[in-house]
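> Predicted structure and sequence below. I'll ask about it afterward.
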Amino acid sequence: MNSREKILAAVAANQPDLVPLPDISPLNFSQDGLLEKLTSILTTTGSNVIPAANYQEIAEYINANYPEAKIVSPLAELESGRLTRYDTTNGIDFQDVELAIIKGHFAVAENGAIWVTEDHMLHRALPFITQHLIIVIEGKSIVPNMHEAYQTIGNSTYGFGTFISGPSKTADIEQSLVIGAHGARSLTVFLLP
Amino acid sequence: MSAVTNKDHAELAEDFNRDENRVDWHDETLWWIRQKRDRIVHQIPDWELLRETASQIKHNVLSNMHSYLQQFEANALANGVHVHWALNAQEHNQIIRQLLKDKQITHMVKSKSMLTEECGLNEYLAEHGIEVIDSDLGERIVQLAKEPPSHIVLPCIHKKKEEIGDLFHMYLGTPSNVADPQILTEAARQHLREIFLTRRAALTGVNFAVAETGEFVVCTNEGNADMGAHLADIHIASMGIEKLIPERKHLGVFLRLLTRSATGQPITTYSSHFRKPRDGKEIHIVLVDNGRSEQLGRPDFRNSLKCIRCGACMNTCPVYRRSGGHSYHTAVAGPIGSILAPNLDMEKYADLPFASTLCGSCSNVCPVKIDIHDQLYKWRQVLVKKGYAPTAKKIGMQLMAATLSSPALYHTAGKAGRAALRYIPFAINNKLNPWYKHRDMPQAPKQSFRDWYLKNNS
Ligand code: SF4
């Protein structure tokens, strides 16, 4: 017997009698004030939240706040701006990106987590390796909690997906919170209608 | 990296207790985290239902592990992920070494994984000429200090910022006497960025693996797991077989519980779901047993396999907070570690189930409702029966058992005990009596309850 068979045999011999899965539907509930809740949690956990009417406003914000920055984004809506083109499949080539702008599928009001998948990232490394990150979401996409988040994700077949809920941070040195560990030093969330 | 030591928990705790200010500071810091946990938990109206649901999901996992493991394997393979099985720590380490050898990789970056600590991976690879750099800030700090982590979520919670400043001065070239967390974190960011950009192999742990989809989830606040995994050619994920959950939707339950219990945060900054490798890159999952299937066969202790490694039981434990993580001389310290370790080696870890007041605080905060303090109590009985209990406690307990099982002896012993406390307190208040440490023995009553009862009820 190889290790796989040994482990499976031991598990089969030692596992208790089958216990059914609980129903998790009672944990789903809808709420009012999702937008306020999301804004408040994102702000308290260190992100900027900016309502915007359209992509034009986002482009203006970027020009005003990142006048010199090297910017990368897969968003077609921003293409007329000053994005840097990256035709590469190598994540390391993104090492000097200062600002990345990506689109989030939806956000979770309860914890500020925004669901982003690979197809919106250009490269899996981009949201992490960039110095600053902007995520654009639509206000109507907000869900109350993680249960509805996974209902929304459903059976989708991403290769890589991640919930991002703020800038990279650490509290490993005597528990003092420091923003900007290894990933993006800031997160700005644009809320479109 | 379990500390090599012949000392037991009480002796190691004594070492830690020499610096009283540090003990107070350690105690207060962890209690502060426990309070943060309480505050955020109270904001979730269905918290208790959530805990119960998580516990039941994990119960189902344990009862159906055999098919979930196969389902997970089949789905992971279909996703283009390689799956390996390791019976024990040694096999786990060998598999990883072989993967690196095949690719001629001699430098690897690693994100936090208690399983690799349990397996002693860093030391093993070092012996074979492979350098491993830990990329979680806390883990990097203890790695530079050549120490094991002292907490599963907060690896360097025992270190003061001045000590970290000294380490960074020595190894990372920061100016001397810098203890500002912001400056030190920035130095680590620059140092580790260089590592992320140059390593061809990255290893991560696994927080949850989904049988239904073959994907796995890694949670970090720093983004170090992602920086490593997305930039490397090969991503190795080390996973204990108990990390499985049935369906993707169950992640909602566990992600709501994990960080709220751990640090009082609503969710980690990044909860990354790895399902398929990028084109031309590889993902390997190593499924590790290392005693878990055996624990599954022990009805009294199998619940410990529900653990999601949040660390809440450590933060609340009055013994952990005052004795420090290193006093547990095992990779997973604190209450849950004291249940897991004797499963691996009863003799070596016989002292750990005794390192508890059995106050039950651990069980009260556990997000998956593990009966931690009951299991610690049960381990004591198993260990005493098998003759593995720590010697001082063994003698005391044997005496107690004999005394309690004989009314006459109990009566006499009571008299003798009261007399001893009254007339020769130094016979009890001495260093040989472990109960006297840090305690003042009570004033003995002049009369026993039995004498009082006989006199007043005749
Ligand atoms: S036993 Fe419970 S409280 Fe302790 S680390 Fe595991 S899940 Fe958390």
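Received, thanks.

> Closest residue of the stretch 201-350 of chain B to chain A?
residue B:223 (2.7 Å; Cβ to the nearest Cβ). (C-beta placed from N, C-alpha, C; glycine too.)

> Name the nearest residue to that residue, ignoring sequence neighbours.
Nearest residue to residue B:223 in three dimensions, chain neighbours excluded: residue A:183, at 2.7 Å (Cβ to Cβ, 6 or more residues apart in numbering or on different chains).

> shaky segments in chain A?
Scanning chain A for pLDDT under 70 picks out A:30.

> Retrieve the pLDDT associated with residue B:234.
Listed pLDDT for residue B:234 reads 98.

> and it, what does it touch?
Residue B:234 is in contact with B:99, B:103, B:105, B:200-202, B:281-284, counting by Cβ atoms under 8 Å, 6 or more residues apart in numbering or on different chains.

> That one and residue B:446, how far apart?
Distance, residue B:234 to residue B:446, by Cβ to Cβ, to the nearest Å: 75 Å.

> Likewise for residue A:86?
Separation of residue A:86 from residue B:446 (Cβ to Cβ) stands at 87 Å.

> So those two - more neighbours on which side?
Taking other Cβ atoms under 10 Å in any protein chain shown, residue A:86 and residue B:446 do not tie; residue A:86 has more neighbours (17 against 9).

> measure stretch A:117-134 end to end?
Stretch A:117-134 has its terminal residues 15 Å apart, counting by Cα to Cα, to the nearest Å.

> which parts of that stretch are buried?
A:117-118, A:120-134 (16 or more other Cβ atoms under 10 Å in any protein chain shown).

> does the most centrally placed residue in chain A have beta-bridge partners, and which?
By Cα atoms, centre = their mean, chain A has its centre lying nearest to residue A:164, at 2.9 Å. Going by DSSP bridges, residue A:164 is paired in beta bridges with residue A:114, residue B:270.

> quick one: it from residue A:134, how far?
Residue A:164 sits at a distance of 11 Å from residue A:134 (criterion: Cβ to Cβ).

> what sits in contact with each of the two?
Common neighbours of residue A:164 and residue A:134, counting by Cβ under 8 Å, 6+ apart, are residue A:187.

> got a list of contacts for the helix or strand encompassing residue B:83?
Residue B:83 is part of strand B:82-86 when elements are defined by DSSP states H and E. Contact with strand B:82-86 is made by A:2-4, A:7, B:73, B:76-77, B:92, B:95, B:282-290, as judged by Cβ under 8 Å, 6+ apart.

> again, 10 Å this time
Under the criterion Cβ atoms under 10 Å, 6 or more residues apart in numbering or on different chains, residues A:2-8, B:69, B:72-77, B:91-96, B:98-99, B:115, B:119, B:214, B:234, B:236, B:238-239, B:241, B:277, B:282-290 lie in contact with strand B:82-86.

> Filter those residues down to just the buried residues.
Buried among the contacts of strand B:82-86 (16+ other Cβ under 10 Å): A:3-4, A:7-8, B:69, B:72-73, B:75-76, B:91-93, B:95-96, B:99, B:115, B:119, B:214, B:234, B:236, B:238-239, B:241, B:277, B:282-290.

> Within reach of the ligand, which of the residues you listed are there?
Checking the buried ones among the contacts of strand B:82-86 against the ligand by Cβ under 6 Å from any ligand atom, not one of them is in range.

> Can you list which of those residues are found in strands?
Cross-referencing these against strands under DSSP state E gives B:234, B:236, B:238-239, B:282-288.

> Tell me the one among those nearest to the ligand.
Set against the ligand, the nearest of these by Cβ to the nearest ligand atom is residue B:239 (16.1 Å).

> List the contacts of the nearest residue to the closest one once chain neighbours are set aside.
Spatial nearest neighbour of residue B:239, chain neighbours left out: residue B:206 (3.8 Å); criterion: Cβ to Cβ, 6+ apart. Residue B:206 sits next to B:113, B:115, B:216-219, B:237-240, B:243-244, B:274, B:285-288 when contact means Cβ under 10 Å, 6+ apart.

> try 7 Å this time
The contact partners of residue B:206, by Cβ atoms under 7 Å, 6 or more residues apart in numbering or on different chains, come to B:216, B:218, B:237, B:239, B:243.

> In chain A, mark out all the strands, start to finish.
Counting by DSSP E, the strands of chain A are A:48-51, A:71-72, A:99-103, A:106-107, A:114-117, A:132-138, A:160-164, A:169-170, A:178-179, A:186-192.

> can you redo these as TSV with distance to residue A:26?
Output for the strands of chain A, formatted as TSV (distance: least, Cβ to Cβ, whole Å):
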stretch	distance to residue A:26
strand A:48-51	31
strand A:71-72	43
strand A:99-103	33
strand A:106-107	22
strand A:114-117	23
strand A:132-138	28
strand A:160-164	23
strand A:169-170	33
strand A:178-179	37
strand A:186-192	30
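
> May I see those organised as CSV, with distance to the ligand added?
Below are the strands of chain A laid out as CSV (distance: least, Cβ to the nearest ligand atom, whole Å):
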stretch, distance to the ligand
strand A:48-51, 32
strand A:71-72, 39
strand A:99-103, 33
strand A:106-107, 27
strand A:114-117, 25
strand A:132-138, 30
strand A:160-164, 20
strand A:169-170, 20
strand A:178-179, 25
strand A:186-192, 28
